[in-house]
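Asks: Sequence and predicted structure, then a few things I'm wondering about:
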Amino acid sequence: MELNIKNRPMASAPLSACLSLIDLERYPIHNPSSPVLLEVIAKARIELADSGCVRLPGFILPEAHSALAAETTALAPLALFSSDEYTPYGTGPDDSFSEQHPMRRAHRTTSGHVTRDLIPAQTSIQQIYANRALKALIAACLEAGDIHPFADPMRGLIINTMDVDNVLEWHYDANEFVVSLMTRCADQGGTLEYCPNLRAPGNENFDAVRSVLDGEKDHVHSLDLQVGDLQIFKGRYSLHRVNRIENGTRHTVIFGYARQPGFIGSVASTMKVYGRVMPEHIAAENDRNSDGLAG
Ligand SMILES: [Fe+2]
């Protein structure tokens, strides 16, 4: 097993500022051949295969927690909150299905997003996102060969903020995987619940989805993420939700990577979630439609 890090730092090179936030004894990402790191990767691969989810607890050193929380708290007032009713598939209810069918059952989801273009380049979270050693670790855990930060000027890095009564109801993600860093925990509520690999390509497993929507807990795992934890989650196959915030505020920083370079979200989906688009979205849309065909 080998980490794919170009320009690997020399052992004696000074650590970049953002590496000083990371618990390098537990997660020595600056030293790709470290047996400690290889063990982390091997365990992560097993957990991702078993449950589609891996948590790297204490990834950020405790002494850096308050600074990261302060960073996302200072930026949180820039969040655009969206609140809408979606089925688990990110759509509105489809009346052509029976009443209890998951394609027809929509639940309200409310949370706020601070997009990458609003997050200053010198912040720690921008620097963590740009760090090659972290990217290499994530790619290795996913057995992906290489992964690429989004080219999308808004979605690449998102602060997701949830206040009292906010909830992310049961859904699948559009992306195959998501990487997130918890910077602030709610005082009560805000637990991640997920159903590992509830669907697979070619099998929506609607009966199981319906049972989860009905309150059945057999498939449901819960993960009590703590400040400083890094999580890799395959949300495209695992139905999941973040429970209602009962008290306090919850912040997670979401790092967007894709298997292919150049990912930019569509105009329609960007408008829907973030309420605006940038010239890069329009240019990418024009490129996608340049063959003159519909759709
Ligand atoms: Fe999600």
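Replies: Cool, the structure landed.
Asks: where does the closest residue to residue 83 other than its chain neighbours land in three-state SS?
Replies: Nearest residue to residue 83 in three dimensions, chain neighbours excluded: residue 110, at 4.0 Å (C-beta to C-beta, 6 or more residues apart in numbering). (Glycine included, C-beta is placed from N, CA and C.) When states are read from DSSP: H, G, I helix; E, B strand; the rest coil, the local structure at residue 110 comes out as strand.
Asks: State the distance from residue 110 to residue 176.
Replies: Using C-beta to C-beta, to the nearest Å, residue 110 is found at 25 Å from residue 176.
Asks: out of those two, which sits in the busier spot?
Replies: residue 110 (17 against 14; other C-beta atoms under 10 Å).
Asks: OK, contacts around that one?
Replies: If you count contacts by C-beta atoms under 8 Å, 6 or more residues apart in numbering, residue 110 has them with 81-83, 162, 165-167.
Asks: Ok, residue 244 next?
Replies: Contact criterion C-beta under 8 Å, 6+ apart gives 165-167, 189-190 as the residues in contact with residue 244.
Asks: any idea which residue sits dead centre in this structure?
Replies: residue 178 (3.3 Å; C-alpha atoms, centre = their mean).
Asks: For the stretch 101-250 of the chain, which residues are neighbours of the ion?
Replies: Contact residues (C-beta under 5 Å from the ion) of the stretch 101-250 of the chain with the ion: 173, 235.
Asks: follow-up on the earlier one: with the contacts of residue 244 in mind, which one is nearest to residue 219?
Replies: Nearest to residue 219 among the contacts of residue 244: residue 167, at 19.2 Å, using C-beta to C-beta.
Asks: Identify the residues contacting the closest one.
Replies: 108-111, 241-245.
Asks: can you list the weak-confidence ranges in this structure?
Replies: For the chain, the stretches flagged by pLDDT under 70 are 1-15, 289-295.
Asks: ok, which stretches of it are helices?
Replies: In the chain, the segments counted as helices under DSSP state H are 35-51, 62-75, 124-130, 132-142, 206-213, 267-274, 279-288.
Asks: which one of those helices is the most hemmed in?
Replies: The highest average neighbour count among the helices of the chain, using mean count of other C-beta atoms under 10 Å, belongs to helix 132-142 at a mean of 22.
Asks: Now do it: which elements does it pack against?
Replies: Packing partners of helix 132-142 (3 or more C-beta pairs under 8 Å, 6 or more residues apart in numbering; DSSP states H and E): helix 35-51, strand 230-233, strand 257-258.
Asks: Please render the contacts of residue 110 as JSON lines that adds distance to residue 224 to the earlier fields.
Replies: Shown next, in JSON lines, are the contacts of residue 110 (distance: C-beta to C-beta, whole Å):
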{"residue": "81", "distance to residue 224": "25"}
{"residue": "82", "distance to residue 224": "26"}
{"residue": "83", "distance to residue 224": "25"}
{"residue": "162", "distance to residue 224": "15"}
{"residue": "165", "distance to residue 224": "20"}
{"residue": "166", "distance to residue 224": "18"}
{"residue": "167", "distance to residue 224": "17"}
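Asks: Considering these, which is situated nearest to residue 283?
Replies: Each of the contacts of residue 110 was scored against residue 283 by C-beta to C-beta, and residue 82 proved nearest at 24.1 Å.
Asks: Show me what that closest one is bridged to.
Replies: Under the criterion DSSP bridges, residue 82 forms beta bridges with residue 111.
Asks: ok, it to residue 118 distance?
Replies: Applying C-beta to C-beta to residue 82 and residue 118 gives a distance of 15 Å.
Asks: again with residue 111
Replies: Distance check for residue 111 against residue 118: by C-beta to C-beta, it reads 16 Å.
Asks: Of those two, give the one with the bigger neighbour count.
Replies: Set side by side, residue 111 and residue 118 give different neighbour counts by other C-beta under 10 Å, the larger being at residue 111 (20 against 15).
Asks: Quick check: that one vs the ion, distance?
Replies: Noted for residue 111: a distance of 10 Å to the ion, by C-beta to the ion, to the nearest Å.
Asks: now swap in residue 120 and tell me
Replies: If you measure residue 120 against the ion using C-beta to the ion, the figure is 26 Å.
Asks: which residues does the nearest residue to that residue once chain neighbours are set aside contact?
Replies: Nearest residue to residue 120 in three dimensions, chain neighbours excluded: residue 126, at 7.0 Å (C-beta to C-beta, 6+ apart). Residue 126 is in contact with 116, 119-120, 157, counting by C-beta under 8 Å, 6+ apart.
Asks: This completes my enquiry, with thanks.
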